[in-house]
Every structure is written in structure tokens, then in C-alpha cells.
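Undergrad: structural data only, the sequence is not supplied:
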């Protein structure tokens, strides 16, 4: 009996070291990602409530894309790259995400184009949290670190399950609350890891999928689908009135769709892209794209979301799954819980290691 258990004990010590040192090396990254992700779910409605002058207008009375683009060009110059987000309800402001010599968001009145305010890329509650959550304030390098940490979580989950797997199932989910602090902490760490670990893992991996584009490219390759590149055009920057015509042309192609975004690139060789959300698309902003010539609003190509490659089409589900918007308020609450659990795993793991050293 003793000889049979000895190899298991040695294997257990190996997995314990793997679990401990992977957690200590990359756990801090996962704690930051989990904490900032959960905080964003609370910060978004709070931010809108505290800054109503930016997000709300008394009465929009329609959307004038021409007035909005003309005001943005006058304010930012002709070389700014613009992604327009029209209001989703009657009292919401018009938002424009800007990339150029200045990066950030401009808030405008949808009907008149009057500027309500500016925010830099990492300004405001949501801007800071999003930059921290999406790239750790480190751009593309931060995305790589987050992706590595996400795959490291797979190793921690596998090792954690091995260490948790009970010999007596009646105690598998027991937490000794009345025991000494370290024992209760240890039980909480292993039991919640076993119960919520897979769900947290899905949330972590969905974030890695969005942060690291090659994952989508690999799925497209496996599905024998080449990535769709935007059609090339020749001409100058799009005129203000072309934006309205582009939206009208896109809606003609898909009358049942709502407009998610309108991208007006600064590069003259790229077309205007109108992103639409069709009724059967789970993505809250839509992944159907209509490409419009920036000079004359000619339709160049239309790509329905359900006809895209599997890697790209997966974003329709991965994005709302990760942000908590896929299945309504209940899923939003669970997504908050998963982010909080990821944070707690890191903190309790660190506390257990520190108490063990002492």
C-alpha cells in the first residue's frame, strides 16, 4: 500500500509546484484582468449616470451623419480616422472614436453635430479600466502577456483539479469554516476552484480569443476560409455628406438591420465600412459589413455575418459571452461573479503561499 501511494505522492508534489509557481508568476496578471473586468460591469452604468451631459441629450430628433462628420472634420482635421457610433435610443448622444494625432472619444448631439465633450483614450472611469483590462496599459505587448496568462490558467486549472480530486467524495465540497484561518482559506480556494474553475476558464479564454487575432485566423484556416480583406479604392478622404449616403446604401442592402458602427478611414485607399446588426446576430454591435466607396457611395461589397469564416463568425458569440451581454442580466451577473472569483483565486493563492512561507 505504501509503495503504491508513493508515486502518487510524488506526482502530487509535482503538480503542486506547477500550480504554485505558475500562479505566482502569472497570477497577478489574471487578478488584474478579473478585477478590472468585473469593475467594468459596474463602472459603465455608473459612468453614464455621473456624466449625463456626455451620454444623454434631451431630444435627438433624428441623426444627421453629415453634420456630425462635418463638425468632427472641423474639430480634428481631415486626417483623423473616425469610427462613428450612432445612438441606440432616442435620448443617447452620438459617439465618435478617433484615431489620429489625438486618440479618444468625441460626444456629439446626433441631430446638430454640436460637440458635447471630449475624452482621451485612457480618460474617464471606463477608459482607464478598458485600457487596463485589454492591454495592461502596454499596447500590443500587453495583449501578448494577457494571452500567455490565459493559457497559463489552463495549466493551473488542470493542476488544481488534480490536487482537488478527492479520495473521499463526502468531503469533496466541504469547507471547514470553523477551522484555523489557513485551513478555511485552503478549503475555500480548492472548492470554489473546482466548482467555478471551468466557467472562469471559458471567460478567460474568450478574452484571449479577442486579444490575440491569430486564434481567429487559425480557425479560418482550418475551415478553409481566407480572411476577408477590405476592398481597395482610389480617391480622397470621404466628404461629410458621403457618410449619410453610405448608411442609406447599407440599409438598402439589409433593410432589417440596425447600424452598429460607421468607419471612415483616414487612408484614402480604404472604403467606408458600415457595420450592421441583423436580427439573428447575437453580437450587440453586429458583424455584417457593407463596404462603400468614399467618393460616390457606390456599393463595393456586402458580407453577411453568417457567411464569414468560422474564426471571424465566432466573434458574434465570443464578444457578448465575455462582456456578459449574451443572455441578459442573469449572465451579466454571472460574468461579474466569474471575474470576482478569478481575482479571489489569485489573492487567496498568494495568501496561502505567504502563510506557508511564514
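TA: Ah, there it is. None of the values given here were measured: they were computed from a predicted structure. Numbers count the residues shown, from 1 in each chain.
Undergrad: what sits against the nearest residue to residue 78 once chain neighbours are set aside?
TA: Once flanking residues are discounted, residue 78 sits nearest to residue 237: 5.2 Å by CB to CB, 6 or more residues apart in numbering. For glycine as for every other residue, the C-beta is placed from the backbone atoms N, C-alpha and C. Residue 237 sits next to 78-79, 264, 266, 268, 294 when contact means CB atoms under 8 Å, 6 or more residues apart in numbering.
Undergrad: tell me which helix or strand residue 237 sits in.
TA: Under the criterion of DSSP states H and E, residue 237 resides outside all helices and strands.
Undergrad: make residue 1 into 47 and carry on from there
TA: Sounds good: first residue 47 from here, last item residue 283.
Undergrad: make a markdown table out of the contacts of residue 283 and add secondary structure, neighbour count and pLDDT.
TA: Formatted as a markdown table, those follow (DSSP: H, G, I helix; E, B strand; the rest coil; neighbours: other CB atoms under 10 Å; pLDDT from 0 to 100):
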| residue | secondary structure | neighbour count | pLDDT |
| --- | --- | --- | --- |
| 124 | coil | 11 | 85 |
| 125 | coil | 11 | 87 |
| 310 | strand | 27 | 95 |
| 312 | coil | 16 | 90 |
| 314 | coil | 13 | 83 |
| 340 | coil | 24 | 92 |
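Undergrad: now for those residues: which two are most distant?
TA: Farthest-apart pair in the contacts of residue 283 is 125 and 340; separation 13.8 Å (CB to CB).
Undergrad: which residue ranges of the protein form strands?
TA: Assigned by DSSP state E, the strands in the chain fall at 127-131, 140-145, 150-154, 161-166, 304-310, 318-323, 334-338, 345-349.
Undergrad: so which of the ones you listed comes closest to residue 109?
TA: strand 140-145 (6.8 Å).
Undergrad: starting at the chain centroid, how far to that closest one?
TA: Averaging C-alpha positions (CA atoms, centre = their mean, to the nearest Å) puts strand 140-145 18 Å from its chain's average.
Undergrad: one more: stretch 322-340?
TA: With CA atoms, centre = their mean as the basis, stretch 322-340 stands 18 Å off its chain's centre.
Undergrad: go on, stretch 250-257?
TA: On CA atoms, centre = their mean, the centre of stretch 250-257 falls 8 Å from the chain's centre.
Undergrad: same deal with stretch 315-326?
TA: On CA atoms, centre = their mean, the centre of stretch 315-326 falls 19 Å from the chain's centre.
Undergrad: can you list contacts of it?
TA: For stretch 315-326, contacts defined as CB under 8 Å, 6+ apart pick out 276-280, 284, 288-289, 292-293, 295-297, 300, 302-311, 329-340, 346, 350-352.
Undergrad: quick check: buried residues in it?
TA: For stretch 315-326, a neighbour-count test (16 or more other CB atoms under 10 Å) marks 316-324 as buried.
Undergrad: returning to what we had before: closest to residue 380 out of the contacts of residue 283?
TA: Nearest member of those to residue 380, counting by CB to CB, is residue 310, at 37.2 Å.
Undergrad: so what's the closest one closest to, chain neighbours aside?
TA: Nearest to residue 310 is residue 128, by CB to CB, 6+ apart, at 4.5 Å.
Undergrad: just checking, that neighbour touches residue 142?
TA: Yes: using CB atoms under 8 Å, residue 128 is in contact with residue 142, at 5.6 Å.
Undergrad: what's the overlap in contacts for these two?
TA: residue 118.
Undergrad: ChimeraX command for the buried members of the contacts of stretch 315-326?
TA: Per 16+ other CB under 10 Å, the buried members of the contacts of stretch 315-326 correspond to this ChimeraX selection:
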select :276,279,284,288,289,292,293,295,296,297,300,303,305,306,307,308,309,310,311,329,331,332,333,334,335,336,337,338,339,340,346,350,351
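Undergrad: nothing else from me, thank you.
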